[in-house]
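> Pasting the sequence and the predicted coordinates here, then a few questions.
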Amino acid sequence: MAKIGNLFAGLCGALALNILHESLKNKRTTPRIDFLGEQALQKTVRHFGGNITDKDELYNLTLAGDILSNTLYYSLIGSGRRRHIWTKAIAMGLLAGVGAVKLPEPLGLNPKSVAKTDEIKAMTVGYYLFGALVTGLVLSAFGRKY
């Protein structure tokens, strides 16, 4: 049962991250994590000989993949000892955010959408930290009741 609870908490964190991003993405000085995800998905699909030409389909597939991958990642916060939830949440949130800023270029992606300015870099890290903290909050609120 704990694994289901961890997945639920991870889903809450992933949804919180995406709601925050979707709410703010149309402002000029905010990260566009969706653009980075679309690049990564399109690059992967092209590697296997495909191409996604419909912008709505690309957006929807990217959003679904983002929620799924972040759910699985954030669910790891609940593994192990419960007394370390907040340490793991902070560490994993920061790690995901720094990874989102630092890994695009080595992976052959354009990092501008998440790392154009220091402010956007900090916000990108903050978004992922926020998702991890929401996960920690859900895990703490429900404890072992799952």
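Cool, got the structure.

> list the buried ones in stretch 130-146?
The neighbour-count check on stretch 130-146 (16 or more other C-beta atoms under 10 Å) flags 130, 131, 132, 133, 134, 135, 136, 137, 138, 139, 146 as buried. Where C-beta positions appear, they are placed from N, C-alpha and C, glycine not excepted.

> so where's this structure shaky on pLDDT?
For the chain, the stretches flagged by pLDDT under 70 are 1, 143-146.

> biggest helix in it, by residue count?
helix 118-142 (DSSP state H).

> And that helix, what does it pack against?
helix 2-24, helix 55-75, helix 85-102, helix 112-115 (3 or more C-beta pairs under 8 Å, 6 or more residues apart in numbering; DSSP states H and E).

> ok so, going back, for the buried residues of stretch 130-146, work out which two are farthest apart.
130 and 146 (22.2 Å; C-beta to C-beta).

> which residues are contacting stretch 20-35?
Stretch 20-35 is contacted from outside by 59, 62-63, 66, 100, 113-114, 117, 119-120, 123-124, 127, 130-131, using C-beta atoms under 8 Å, 6 or more residues apart in numbering.

> need the contact list for residue 77.
So residue 77 contacts 6, 9, 10, 13, 85, 88, 89, 92, 132, 135, 136, 139 (C-beta under 8 Å, 6+ apart).

> and the fifth one, how many neighbours?
What that stands for is residue 85. Residues contacting residue 85 under the criterion other C-beta atoms under 10 Å number 21.

> looking at the helices and strands packed on helix 118-142, which is closest to residue 47?
If we rank the helices and strands packed on helix 118-142 by C-beta to C-beta, the stretch that ends up nearest is helix 55-75, at 15.0 Å.

> buried sites along that closest one?
Across helix 55-75, burial judged by 16+ other C-beta under 10 Å covers 58, 61, 62, 63, 66, 67, 70, 71, 73, 74, 75.
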